[in-house]
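Trainee: here are the coordinates; sequence isn't available:
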């Protein structure tokens, strides 16, 4: 078998050594050292495989290439898996204004919103002064939804792509987002104003994660699905991509679909299942 491998995959040096060893018909006794051909073959295979990644490294590369938010998949608690400061970034997260929302909610002022999901949760989240980070996540989610609404599907040669309108137009729909937030969203979810499938999937999975954070890791998908204009099958798949369990249950005499994040996370087959840290 070693000889056959060497003849097929070995270097010229290895093949020559194998032929020489065969012609000389040197027979080894048990426990003897490898012959010249085997040594040459082993050396060539060692060189060929030196740069190959381990299984864990290959899996990490696959995970990194998937359009999902960065997660700590070895976390012991579910609220440590997807951290807003890691996904959004500390600087961008701190730049998201929420004081105006807190003030308006406190005084019972109506806030005009373009998202059902955000509108149905704003009062609950903003009423708690200690939930500032969650409120920032909620506003970032609103801007992602508006960013998606601003994009227009391509046609003809651009079919399958989504294009942003002129910068002035889409930025206006994300007001009052600071420039650092606008640039962060543009760079993460488009390539010079073009949203390819990867960007679209990445935006959708981010929305699923942020919705999960706001809803304590169990989301009724209805509002978010309506906001993102997705079919239920598509919405469910995006929740599965972030490791959520998808289940249907009755709410007010109608069936609703929920995405729940719980440890251990359950991912589609291409990703290893995350386990609790012991």
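Mentor: Thanks, I have the structure now. Keep in mind the model is a prediction, meaning the values are calculated, not measured.

Trainee: tell me the contacts of the residue nearest the centre of the chain?
Mentor: What sits nearest the mean C-alpha location of the chain, by C-alpha atoms, centre = their mean, is residue 68, with 0.9 Å. Residue 68 makes contact with 202, 205, 241-242 under the criterion C-beta atoms under 8 Å, 6 or more residues apart in numbering. All C-beta atoms are positioned from the backbone trio N, CA, C, and that covers glycine.

Trainee: so where do the helices sit in the stretch 51-200 of the chain?
Mentor: 55-65, 84-87, 90-95, 99-106, 116-119, 122-126, 132-150, 167-172, 179-189, 197-214 (DSSP state H, counting those that start in this stretch).

Trainee: coming back round to it: nearest residue to the residue nearest to the centre of the chain other than its sequence neighbours?
Mentor: residue 205 (4.6 Å; C-beta to C-beta, 6 or more residues apart in numbering).

Trainee: For that neighbour, the count of nearby residues, please.
Mentor: 20 (other C-beta atoms under 10 Å).

Trainee: quick one: it and residue 71 touch, right?
Mentor: No: look at residue 205 against residue 71 with C-beta atoms under 8 Å: they stay out of range, at 10.3 Å.

Trainee: Common neighbours of those two, please.
Mentor: residue 242.

Trainee: quick one: which of the contacts of residue 68 is nearest residue 115?
Mentor: Set against residue 115, the nearest of these by C-beta to C-beta is residue 205 (17.3 Å).

Trainee: which stretches of the stretch 51-200 of the chain aren't confidently modelled?
Mentor: 51-64 (pLDDT under 70).

Trainee: repeat that for 90
Mentor: Along the stretch 51-200 of the chain, the model assigns pLDDT under 90 to residues 51-66, 127-131, 154-160, 192.

Trainee: Format the helices of the stretch 51-200 of the chain as CSV; extra columns: distance to residue 76.
Mentor: Output for the helices of the stretch 51-200 of the chain, formatted as CSV (distance: least, C-beta to C-beta, whole Å):
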stretch, distance to residue 76
helix 55-65, 19
helix 84-87, 16
helix 90-95, 22
helix 99-106, 32
helix 116-119, 29
helix 122-126, 25
helix 132-150, 20
helix 167-172, 40
helix 179-189, 28
helix 197-214, 17
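
Trainee: what about those helices, which gets the closest to residue 223?
Mentor: helix 116-119 (4.0 Å).

Trainee: and the closest one, how far from the chain's centre?
Mentor: 23 Å (C-alpha atoms, centre = their mean, to the nearest Å).

Trainee: what does it rub up against?
Mentor: 111, 113, 138-139, 141-142, 145, 211, 223-224, 226-227.

Trainee: How about the contacts made by residue 169?
Mentor: The neighbourhood of residue 169, defined by C-beta under 8 Å, 6+ apart, consists of residue 150.

Trainee: how far away is it from residue 175?
Mentor: 12 Å (C-beta to C-beta, to the nearest Å).

Trainee: If we ignore the residues flanking it in sequence, what's nearest residue 215?
Mentor: Leaving aside its chain neighbours, residue 215 sits nearest to residue 121 (7.4 Å; criterion: C-beta to C-beta, 6+ apart).

Trainee: From residue 228, how far out is residue 205?
Mentor: In terms of C-beta to C-beta, residue 205 sits 11 Å off from residue 228.

Trainee: Same check on residue 210?
Mentor: Counting by C-beta to C-beta, the gap from residue 210 to residue 228 is 12 Å.

Trainee: got it, and residue 149?
Mentor: As judged by C-beta to C-beta, residue 149 and residue 228 stand 9 Å apart.

Trainee: more crowded one of these two?
Mentor: Neighbour comparison, residue 149 and residue 228: the larger count goes to residue 228, with 23 against 15 (by other C-beta under 10 Å).

Trainee: quick one: contacts for the more buried one?
Mentor: Here residue 228 is in contact with 145, 148, 204, 207, 235 (C-beta under 8 Å, 6+ apart).
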